[in-house]
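Enquirer: Turn this into a structure:
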Amino acid sequence: SIGLHTFTFSSLFVSLFCQIEATNDLDNFDKERHEDFKKYEMAKEHDRKEHLKTLDEDARKKEEEHFEELKKKHADHPKINHPGSQDQLKEVWEEADGLDPNDFDPKTFFKLHDTNGDGYFDEQELEALFTKELEKVYDPTHEEDDMMEMEEERLRMREHVMNEVDTNKDRLVSLDEFITATNRKEFLEPDGWETLEQNPIYTEEELREFEEHLAREEQDLNLKTNDLMKQREELERQQEQLNAQKMELQRAVEHMEQSKTQKTEPPVQAKVFSAVEILPGDSQRSQGHQQDLPTHS
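Expert: Sure thing, here's the model as predicted:
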C-alpha cells in the first residue's frame, strides 16, 4: 500500500506541477502579447514621424491636424462599462441574448455563455463577453480605429476580470467564483473603465530606446547588405573567370579535333583534263585528229 500511496502522491505532484507550468507559460504568453503590442504601437509612431520628415511644411501641418482629428474621433465613444460588472453583463443579457434586463439572473447567464458546458468560463468564453463593449470603441470600417488595439483591449479586460474573480488562479472561472463575484458591492457600483487612449502605452524613453534599436538594426542590415553585395560581385567575377577558362578549353579541344581530321584525310589529287599528254609540236596533229572524227547527224 505504501507503493500505491507513493505512486498516487507522485502522480498528483506531477499533475499539479504540469498545471503550474502550463499556467506560467500562459502568463508569459500574455506578457509577450503585451510587449508585442507595445512594439507595434511604437513602430506605428516611428513610421508616422519618418513619414512627416518626407513632407514639406504645409503637407506636414495638414497631416498632423488629420492625426489629431482621428485621435479625437476615436476617443469620442459611449461610456465603457466596467468588465464583469452588473451593467456590463446586463447589456450582454439584453442585447446579445435578447432577454429582459429586469429578469437578469447570474446563474442563467453563466449557463448561457458556458458554450462548451463544462461548468467553467475559460479565457475564450470570457473574452466573448466583452465584444459588445469593444464595439462601442472600435469599428473596422473607421480609419481612426485599429483592430490590433481592440484585441489588446480585450486582453486587458479578460486579465482584469480574471484577477478579480478567479480566486484559485487556475485561469478558469467556476460557477461558484462567478456567483461570489456578483454578490460583491463592486459588482453593483463599479468604477468606469479606462480605455487604451486614456493610458499611455509606452513612455517617451521607451520610444527613444526602440528607435535607437531600430537604427542599430538598420545599420547592421546595411552592413550585411554591403557584405552580400561584395560576395555577389566576387562570385560574378569568379564565374566570368570560369566562363573564360571554359571557352579557352573549348577552343583548344576544337583545335585538337581539327588537327586530327586533317591528319587522317587522304591528300587531294590534281584533276587530269586528258589521259594523253600533249607534247610540244603535237598540237596541230591533235587538231587534225579532232577534225577526222566522224560526225553524227
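Enquirer: For residue 177, give me its contacts.
Expert: Contacts for residue 177 were tallied using Cβ atoms under 8 Å, 6 or more residues apart in numbering; they are 165, 166, 167, 168. C-beta coordinates here come from the backbone N, C-alpha and C atoms, glycine included.
Enquirer: try 6 Å
Expert: For residue 177, the contact set (Cβ atoms under 6 Å, 6 or more residues apart in numbering) comprises 165, 167.
Enquirer: model confidence over the helix or strand hosting it, on average?
Expert: When secondary structure is defined by DSSP states H and E, residue 177 falls within helix 175-182. Average pLDDT, helix 175-182: 97.
Enquirer: Repeat that for stretch 46-59.
Expert: 96.
Enquirer: coming back round to it: mind checking what helix or strand follows the helix holding residue 177 in sequence?
Expert: Counting by DSSP H and E, the next helix or strand C-terminal to helix 175-182 is helix 185-188.
Enquirer: for residue 141, phi and psi?
Expert: With angles defined as degrees, to the nearest 10, residue 141 sits at phi -90, psi -10.
Enquirer: any idea how far residue 147 is from it?
Expert: To residue 147, residue 141 is 11 Å away according to Cβ to Cβ, to the nearest Å.
Enquirer: Just want to know which of these two has more residues nearby.
Expert: residue 147 (11 against 5; other Cβ atoms under 10 Å).
Enquirer: check contacts around residue 37.
Expert: Applying Cβ under 6 Å, 6+ apart, the residues contacting residue 37 are residue 152.
Enquirer: at 8 Å instead, please
Expert: Residue 37 makes contact with 148, 149, 152, 201, according to Cβ under 8 Å, 6+ apart.
Enquirer: how about the last one, secondary structure?
Expert: Local secondary structure at residue 201 is given as coil here, using DSSP: H, G, I helix; E, B strand; the rest coil.
Enquirer: excluding its backbone neighbours, what's nearest it?
Expert: residue 41 (5.0 Å; Cβ to Cβ, 6 or more residues apart in numbering).
Enquirer: go on, the third one?
Expert: The spatial neighbour of residue 152 that comes closest, neighbours along the chain excluded (Cβ to Cβ, 6+ apart), is residue 37 at 4.6 Å.
Enquirer: So that neighbour: helix, strand or coil?
Expert: Residue 37 - assigned by three-state DSSP - is helix.
Enquirer: Under the pLDDT cut-off, which ranges of the stretch 151-297 of the chain? List them.
Expert: Residue ranges of the stretch 151-297 of the chain with pLDDT under 70: 264-297.
Enquirer: Which parts of it are strands?
Expert: 173-174 (DSSP state E, counting those that start in this stretch).
Enquirer: who does the longest helix along the chain touch, helix- and strand-wise?
Expert: When the chain is parsed with DSSP state H, its longest helix is helix 204-264. Judged by 3 or more Cβ pairs under 8 Å, 6 or more residues apart in numbering; DSSP states H and E, helix 204-264 is in contact with helix 2-53.
Enquirer: moving C-terminal of the helix it packs on, what's the next helix or strand?
Expert: Downstream of helix 2-53 (by DSSP H and E), the next one is helix 57-75.
Enquirer: which other residues reach that following helix?
Expert: Residues from elsewhere that reach helix 57-75 (Cβ under 8 Å, 6+ apart): 48, 51, 52, 55, 137, 142, 143, 144, 145, 197, 198.
Enquirer: ok, the residues you listed vs residue 176, which is closest?
Expert: residue 137 (31.9 Å; Cβ to Cβ).
Enquirer: what separates the nearest residue to that closest one once chain neighbours are set aside from residue 196, distance-wise?
Expert: Distances taken as Cβ to Cβ, 6+ apart place residue 77 nearest to residue 137, at 4.9 Å, with adjacent residues excluded. Separation of residue 77 from residue 196 (Cβ to Cβ): 12 Å.
Enquirer: Look at residue 137 and say how many residues are nearby.
Expert: Using other Cβ under 10 Å: residue 137 sits among 19 other residues.
Enquirer: Pretty sure residue 153 is one of the things it touches, is it not?
Expert: Yes. Residue 137 lies in contact with residue 153 (Cβ atoms under 8 Å); the separation is 7.0 Å.
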